[in-house]
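1. build me a model:
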Amino acid sequence: MKTEDFSYDLPAAFIAQTPAEPRDHSRLMVLDRADGQISHRSFFEIGEFLRAGDLLVVNETRVFPARFYGTKLPGGGKVEILLLKKIDELCWECLVGGSGLTLGRKVQVTGGPTAEVAEDLGESRRLVRFTEPIEGAFDSAGHMPLPPYIRAYKGDPERYQTVFNKTVGSAAAPTAGLHFTPELLEKLRYQGVRLAKIDLHVGLDTFAPVTEDDPQTHQIHKEWCSISTETADMINQTRQNGGRVIAVGTTSVRTLESAAAHSQNGLLQPWKGDTSLFILPGYQFNVVDAMITNFHLPKSTLLMLVSAFAGRETMLGAYEVAKAEEYRFFSFGDAMLLL
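-> Here you go, the predicted model:
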């Protein structure tokens, strides 16, 4: 297995720059893993493929305004700070943009506190210590950290949040969840489809391609996640009653399968902690029966994950069909239902 095996050509015109309106009017490709059959629908029709007793598992994380701008002190050169992970009340692991951000360099955050580079973590990563909690500047000075391939979106920042978001902690949205509306969720509930929630704080490394020739040598990023007793019980009950556990997005997949690795006796148990689970073809899924997902970047860990679930050749073939049918790719793009 080579990283190049997960490459495909994608002209820029296929990358969605704006979300569908309404949310559930994005397109939906339905792929049956058993026979490879593909059908094309709209997302609001997803209920046709779900049944009473199924359980949707969604990620209720909320994206915080993690991008800040500022100037170097002294000098005044422009810098960009992207918050990745909170270390303590004042310190964050960050991605920084701008030259000369070496150990001890001070920065004035525009509309916020001053800060100092406390540690060089390599490449563009820095440990940054603020003079006061940066959360106080979220609303006044923070900007939504849209992915780098979304270049000019000026719409409502809430469109980069799911309708079931709750727990602040992500630097990127769990994009498979962006397609749901309250009305669609209510329709599915009336149909007998239940909803369970997990929490995984999505990091920007989720967009990073695998650069090693052999993906098995790639050091995947860690992300904090949790699954509650209530959700674990709902999953166990669903499986015992013959229903399907349908993960909404790769973040839900990663959380569920990580919890399974820490469970015993065939029953899912509540769990929380950092996960570094890297799902590659050959992985045996323990919890997930079906998956809702977007179309992912070439050579990404996410494309490898869905390839592990549905087969690499099947997934890449489906992506070629998606291009022929002019589906929209990535975060603001269309969805797949893998059955």
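
2. check contacts around Lys86.
-> Trp92 (CB atoms under 8 Å, 6 or more residues apart in numbering). Yep, even glycine has a C-beta here, placed from its N, CA and C like the rest.

3. swap that for Val30, sorry
-> Val30 touches Ile38, Ser39, His40, Arg41, Phe49, Met336, Leu337, Leu339, counting by CB under 8 Å, 6+ apart.

4. what about 10 Å?
-> 37-41, 45-46, 48-49, 335-339 (CB atoms under 10 Å, 6 or more residues apart in numbering).

5. what domains does the record give for the protein?
-> What automatic domain parsing lists as the domains of the chain is 3-63+154-338, 67-141.

6. single out the most deeply packed of those domains.
-> Comparing the domains of the chain by mean neighbour count (mean count of other CB atoms under 10 Å), domain 3-63+154-338 comes out on top with a mean of 18.

7. check which helix or strand covers Ile81.
-> strand 78-86 (DSSP states H and E).

8. mind showing which ranges of this structure have poor pLDDT?
-> Applying pLDDT under 70 to the chain picks out residues 207.

9. which stretches of it form helices?
-> Taking DSSP state H as the criterion, the chain carries its helices at 138-141, 182-191, 229-240, 250-261, 301-310, 312-324.

10. closest one to Asp274 among the ones you listed?
-> Closest to Asp274 of the helices of the chain is helix 250-261 (CB to CB; 9.2 Å).

11. output the closest one as CSV, nothing but the C-alphas.
-> Extracted C-alpha coordinates of helix 250-261, given in CSV (Å, rounded to 0.1, in the frame of the first residue of the first chain):
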residue,chain,number,x,y,z
THR,A,250,-15.3,10.6,9.8
THR,A,251,-15.0,12.3,13.2
SER,A,252,-17.9,10.2,14.5
VAL,A,253,-16.3,7.1,13.0
ARG,A,254,-13.0,7.9,14.7
THR,A,255,-14.7,8.5,18.1
LEU,A,256,-16.8,5.3,18.0
GLU,A,257,-14.0,3.1,16.9
SER,A,258,-11.6,4.6,19.4
ALA,A,259,-14.1,3.9,22.2
ALA,A,260,-14.5,0.4,21.0
ALA,A,261,-10.8,-0.2,21.4
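
12. give me the angle between it and helix 301-310.
-> 60 degrees (axes from the mean of the first three to the mean of the last three CA atoms, to 10 degrees).

13. who does helix 250-261 touch, helix- and strand-wise?
-> When contacts are defined as 3 or more CB pairs under 10 Å, 6 or more residues apart in numbering; DSSP states H and E, helix 250-261 packs onto strand 55-59, strand 194-200, strand 223-227, helix 229-240, strand 245-248, strand 271-275, strand 290-294, helix 301-310.

14. quick one: contacts for Ala152?
-> Ala152 neighbours (CB under 10 Å, 6+ apart): Gln17, Thr18, Leu146.

15. at 7 Å instead, please
-> Gln17 (CB atoms under 7 Å, 6 or more residues apart in numbering).

16. same question for Thr61.
-> Counting by CB under 7 Å, 6+ apart, the residues that Thr61 touches are Asn165, Thr167, Gly169, Ser170, Pro174, Asp199, Leu200, His201, Val202.

17. ok, now with 10 Å
-> So Thr61 contacts 161-162, 164-170, 172-174, 177, 197-202, 223-225, 251 (CB under 10 Å, 6+ apart).

18. and what of Ser7?
-> Ser7 touches Pro209, Pro298, Lys299, Leu303, Leu316, counting by CB under 10 Å, 6+ apart.
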